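Visitor: sequence and predicted structure below; questions after.
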Amino acid sequence: MEFIMMFLIGVCATTLGTLAGGGGVISLPAMLLLGMPPHSAIGANKVSNTFSSFSSFYHLYRKKEISIRESVWIIPVSLVGGVSGGYIASKISSENMFIVAIILLAFAFLASFLGKGGFTGTEPLRMNKLSVPGLYGIGMYDGMFGPGQGTLMFYLFSHLNIAYIKAVGLVRLATFSSCIGAAATYIATGKIIWPMTLALMIGSVTGAQLGVRIAEKLNPRLVKPILRLTTIALIIQVTLNSL
């Protein structure tokens, strides 16, 4: 029964995560309720996200919605940001990390009402004074704490006037980049409960494929309302965890 639950958690969390980020709102609390130790739950999430994020990116790459030439520079920027965030996390308290997360998510939520971007644009992703520090900063946040990383990236790509389906592929590539190092770390330290993690991973790959197909048909004008609801849920979850 637990394996079925882990599969369903993976499907639901990764479908949401593919569409708007924030899949951790579902997966982490659910795994903790099933009795998984916190480090094992986070490790399972990182392992499953590594495979599921690449699977959805590859689907969009095969359909020529995204190109390697345009997006490959995201990988080193996200990796360096993640390493920087991990280093910072080792120097500050968990209470301060919760505060940082709430401030960033609240800022993104408010900025979504002010920004003109609505995922209806056709701009390519370029390296510029906003995209590089933006992706580095979000990668650093992911390495430092994590919840809402994908959601924050969607807000960034909206501001950069990038089409929604391309933004989905870019977010999934960045998630793959930041998760692969973390997954390797959790595996090396023996924190992974493999039977549960594999069930979650199968569900996550299923959810990624379901989510990317929904994204292909989703009206871009509906994305920001979904992002805002996801952001509110993330703020509530992070706030409750900090109490």
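Guide: Perfect, thanks for sending it.
Visitor: report the next helix or strand after the helix or strand encompassing N96 in sequence order.
Guide: Counting by DSSP states H and E, the element that carries N96 is helix 94-114. Downstream of helix 94-114, the next assigned helix or strand under DSSP H and E is helix 131-144.
Visitor: for V212, which non-adjacent residue is spatially closest?
Guide: Ranked by Cβ to Cβ, 6 or more residues apart in numbering and with sequence neighbours excluded, the top spatial neighbour of V212 is S56, at 4.3 Å. Where you see a C-beta, it was placed from the backbone N, CA and C, and this is true even at glycine.
Visitor: oh sorry, the question was meant for V132
Guide: Ranked by Cβ to Cβ, 6+ apart and with sequence neighbours excluded, the top spatial neighbour of V132 is V77, at 6.2 Å.
Visitor: surely the one you found and Y136 touch.
Guide: Yes: counting by Cβ atoms under 8 Å, Y136 is a contact partner of V77 at 5.3 Å.
Visitor: list the buried residues for the one helix or strand in the chain whose mean pLDDT sits lowest?
Guide: Using mean pLDDT, DSSP states H and E, helix 94-114 stands out as the lowest-scoring helix or strand of the chain, at a mean of 80. Neighbour-count burial for helix 94-114, counted by 16 or more other Cβ atoms under 10 Å, picks out 97-98, 101-102, 104-105, 108-109, 112.
Visitor: what do you get for stretch 154-161?
Guide: Along stretch 154-161, these residues count as buried under the neighbour rule (16+ other Cβ under 10 Å): 154-161.
Visitor: got a list of contacts for that stretch?
Guide: 20-21, 108, 111-112, 115, 117-119, 121-123, 125, 130-131, 134-135, 138, 166-167, 170-171, 223-224, 227 (Cβ atoms under 8 Å, 6 or more residues apart in numbering).
Visitor: now do the contacts for the residue most central in space within the chain.
Guide: By Cα atoms, centre = their mean, the chain has its centre lying nearest to G150, at 3.2 Å. Shown in contact with G150 (Cβ under 8 Å, 6+ apart): 17, 20-23, 171, 175.
Visitor: between those residues, which sits nearest F3?
Guide: The shortest approach to F3 among these belongs to G23, at 19.1 Å (Cβ to Cβ).
Visitor: what about V77 and Y136, which has more around it?
Guide: Higher neighbour count among V77 and Y136: V77, with 21 against 18, using other Cβ atoms under 10 Å.
Visitor: still on that earlier bit, which ones among the buried residues of stretch 154-161 map onto helices?
Guide: Among those, DSSP state H puts 154-159 in helices.
Visitor: show me which of these is closest to L198.
Guide: Proximity of those to L198 (Cβ to Cβ) peaks at F154, which lies at 28.5 Å.
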